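**Q** Mind looking at a prediction? Sequence and model below.
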Amino acid sequence: SLFARWHYLTNCHRERREKGELNSLAKELAIFATMDSYCDPAFKVPLQDMDKVITGSETFFGTELLRECFTGDDPNFWAERTFRPDLLKPLSRPPPHILMFAGWYDIFIETQLCDYEILRKQNQNVSLTIGPWHHFDMDCLRQGLTEGIWWFERYLKGNKDSPAPAKLPHVKMNVMGADKWTNPATFPPPASEMSRKTLFLCDGGKLRMEPIARPKKSHIGYVFDPKNPTPSNGGRDFHPSGAGQVTNNLLELRDDTLVFTSRALSTAETIVGVVEVRLYVEASHSCFDVFARLCVVSIFGRSLNISDGFVRVVCQEAAEEGDPGSWGLHNGAVPRQAGCVKSLSQKEMEENGERCGSDGDTERGSASNGVAEEKGKEPLQDTVAASEEVVQEENLVTGLPTVANRSNMWETLPLSEDSREDNMVFKGIVTVRLSPTAYRIGSGESLRLLVSSGAHPLFLRNTGDPDPWNDSLDNMKKVRVRVYHDADHPSLLSMPLWTIPTKPKKE
């Protein structure tokens, strides 16, 4: 959706400039009013034809640029087009004051936080404001313009009477749910103020503090049909009225969407940072998607989205019986991002193989303390330990992997004979990192996790072809997906919780 709508908007402005037309609010509103009539048909055609549907021809942005994003045929294409703030030369004079605005539901929130961290390393005069906004939110525009003018008055004109404070906080963020502005020292806040809460997926669509202890294989599944893809609903969409926090109850009624809900909280909790979802998955195709969304459910049953994430799994060959597994990097779902994967040494692969049970399931998946103790092993201290084996260096501000390692990942596991008889070709652990957030879950409210294989058109629907650029949509394949949730396959939701520090009382 980002490409199609951005391409439509930029093309409209280009045509107006070529005609010598002046900008006006009425013309801007007219462009947005007709955007869906041009872009919605483009979501139903092959990727190569989207440019022609939107503009009527082939353009650099709509054809050549998009082709390079998905194919990467020309290794030199991005050499002169990639912004590398980490390569900025140190300034010989005092660095300028920089004010950044971001929104929790903005499609660019992750990359903006990465840029902020890099700039902060070179320039202490950087202030970041994160609000409960999406990309086209008018409240963001009003607050950004107001504080921006104050900022210019003080730091460009030197007007000490400007409402902008002489020393702004490094981070000012809105904690959604409570609608409270706070000023943590960093984002996420310091480790001394943070803790981790893990909820396990269980039978009956429940989220619980402890996983199922019995070894019986338990799973729930669905069928994703690219001819009727799971629709996107709010969130980080690039749309003036279809983004942000919305009600998800109708989406949860679909047969291709799994729903897991926790008990009502007895005390309020504040989630700040990156939520991680780790799923044990089987699929009937080697190319499929996993979309995960975290919601809050009010005492009246209304389900509102907090954060979400997406992974496209492209596994060239399914793991054979006894195969220790391999690591993969998602691609093809959205324009490529820089990424790298740690190569496992032969010794590490052999160790992984030794941890495989006789039925093809691995013991490393037992993330609960109880299960680990029963097997005589030390309990896992961190629910994301497996991910840390691959992504060792993380962005200290966002909790995301660094720019060089920013990728969601999966690990293939051996297929059992029962799964092969059911025509499953992929089995593995899929880790989905949701977008950064700050949200207070109130007492009496519940957490809800949605799992599906699509969010169209926010993310390009998966037709089963690992090469979306050359996909003609003539042979779209349905995919059956199973999500396991038992003692040997503890699918889980891991959340960073923030304890807001209290100021000492004055005597």
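**A** That came in fine, so what should we check first? Numbering: from 1, shown residues only.
**Q** Please enumerate the helices of the stretch 51-200 of the chain.
**A** Remark: helices assigned in the stretch 51-200 of the chain by DSSP state H, counting those that start in this stretch are 66-71, 109-122, 138-155.
**Q** Which of the residues in the first one are classified as buried?
**A** It refers to helix 66-71. Residues L66, R67, E68, C69, F70 are the ones in helix 66-71 that count as buried (16 or more other CB atoms under 10 Å). Placement of C-beta: from N, CA and C, glycine included.
**Q** And the contacts of it?
**A** Applying CB atoms under 8 Å, 6 or more residues apart in numbering, the external contacts of helix 66-71 come out as 3, 47-48, 50-51, 73-74, 77-78, 332, 335-336, 467-469.
**Q** now the helices of the stretch 51-200 of the chain as a markdown table including distance to L449 and mean pLDDT?
**A** Rendered in a markdown table, the data for those read as follows (distance: least, CB to CB, whole Å; pLDDT from 0 to 100):
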| stretch | distance to L449 | mean pLDDT |
| --- | --- | --- |
| helix 66-71 | 30 | 84 |
| helix 109-122 | 20 | 85 |
| helix 138-155 | 28 | 91 |
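**Q** wait, isn't W469 in contact with L47?
**A** Yes. Counting by CB atoms under 8 Å, W469 touches L47, with 5.6 Å between them.
**Q** and the most centrally placed residue in the chain, helix, strand or coil?
**A** Nearest to the geometric centre of the chain sits G309, at 3.0 Å (CA atoms, centre = their mean). Using DSSP: H, G, I helix; E, B strand; the rest coil, the structure places G309 in strand.
**Q** partner residues bridging it?
**A** Here G309 sits in beta bridges with A292, as judged by DSSP bridges.
**Q** which ones are touching it?
**A** Counting by CB under 8 Å, 6+ apart, the residues that G309 touches are V277, F291, A292, N408, V432, R433, L434, S435.
**Q** which of these lies closest to V175?
**A** S435 (15.6 Å; CB to CB).
**Q** Any figure for the gap between the residue nearest to that closest one when sequence neighbours are not counted and L415?
**A** Closest residue in space to S435, ignoring its immediate chain neighbours: S307 at 5.0 Å, by CB to CB, 6 or more residues apart in numbering. The gap separating S307 from L415 is 32 Å, by CB to CB, to the nearest Å.
**Q** neighbour-wise, which of the two wins?
**A** S307 (26 against 22; other CB atoms under 10 Å).
**Q** so the more buried one sits right up against V275, yeah?
**A** Yes. Using CB under 8 Å, S307 is in contact with V275, at 5.7 Å.
**Q** list residues touching both of these two?
**A** Common neighbours of S307 and V275 (CB under 8 Å, 6+ apart) are L294, L434, T437.
**Q** which non-adjacent residue is nearest the last one?
**A** Looking back up the chat, that one is T437. Nearest non-adjacent residue to T437 (CB to CB, 6+ apart): S307, at 4.2 Å.
**Q** Now do the contacts for that neighbour.
**A** Per CB under 8 Å, 6+ apart, neighbours of S307: W104, V275, R293, L294, L434, S435, P436, T437, Y439.
**Q** could you dump those residues to JSON lines with secondary structure?
**A** Below are the contacts of S307 laid out as JSON lines (three-state DSSP):
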{"residue": "W104", "secondary structure": "strand"}
{"residue": "V275", "secondary structure": "coil"}
{"residue": "R293", "secondary structure": "strand"}
{"residue": "L294", "secondary structure": "strand"}
{"residue": "L434", "secondary structure": "coil"}
{"residue": "S435", "secondary structure": "coil"}
{"residue": "P436", "secondary structure": "coil"}
{"residue": "T437", "secondary structure": "strand"}
{"residue": "Y439", "secondary structure": "strand"}
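**Q** Now rank these by neighbours and give me the top one.
**A** For the contacts of S307, neighbours tallied by other CB under 10 Å; top is R293, 28 neighbours.
**Q** Now do that one, the pLDDT please.
**A** R293 is assigned 98 on the pLDDT scale.
**Q** Same check on D203?
**A** 90.
**Q** Count the residues that sit near it.
**A** Neighbours of D203 (other CB under 10 Å): 12.
**Q** That one contacts K217, doesn't it?
**A** No. In this structure D203 lies outside contact range of K217 using CB under 8 Å: 11.7 Å.
**Q** From M176, how far off is A164?
**A** 25 Å.
**Q** what stretches of this protein score poorly on pLDDT?
**A** Scanning the chain for pLDDT under 70 picks out the ranges 82-94, 214-215, 316-408, 503-507.
**Q** Name all residues that make contact with S472.
**A** With CB under 8 Å, 6+ apart, S472 has these contacts: P46.
**Q** Pretty sure N305 sits against N248.
**A** Yes. At 5.6 Å, N305 counts as touching N248 under the criterion of CB under 8 Å.
**Q** now the helix or strand where F288 lies, how far from the centre of its chain.
**A** Under the criterion DSSP states H and E, the helix or strand holding F288 is strand 287-297. Relative to the chain's own centre, strand 287-297 is displaced by 9 Å; criterion: CA atoms, centre = their mean, to the nearest Å.
**Q** Pull the CA coordinates from it and hand them back as PDB.
**A** The C-alpha coordinates for strand 287-297 follow below in PDB (Å, rounded to 0.1, in the frame of the first residue of the first chain):
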ATOM      1  CA  CYS A 287       6.500 -19.700   0.700                       C
ATOM      2  CA  PHE A 288       4.000 -18.200   3.000                       C
ATOM      3  CA  ASP A 289       3.500 -15.300   5.400                       C
ATOM      4  CA  VAL A 290       2.900 -14.800   9.100                       C
ATOM      5  CA  PHE A 291       1.200 -11.700  10.400                       C
ATOM      6  CA  ALA A 292       0.900 -11.100  14.100                       C
ATOM      7  CA  ARG A 293      -1.000  -8.300  15.900                       C
ATOM      8  CA  LEU A 294      -1.300  -7.400  19.500                       C
ATOM      9  CA  CYS A 295      -4.600  -6.000  20.700                       C
ATOM     10  CA  VAL A 296      -6.200  -4.700  23.900                       C
ATOM     11  CA  VAL A 297      -9.700  -5.900  24.800                       C
END
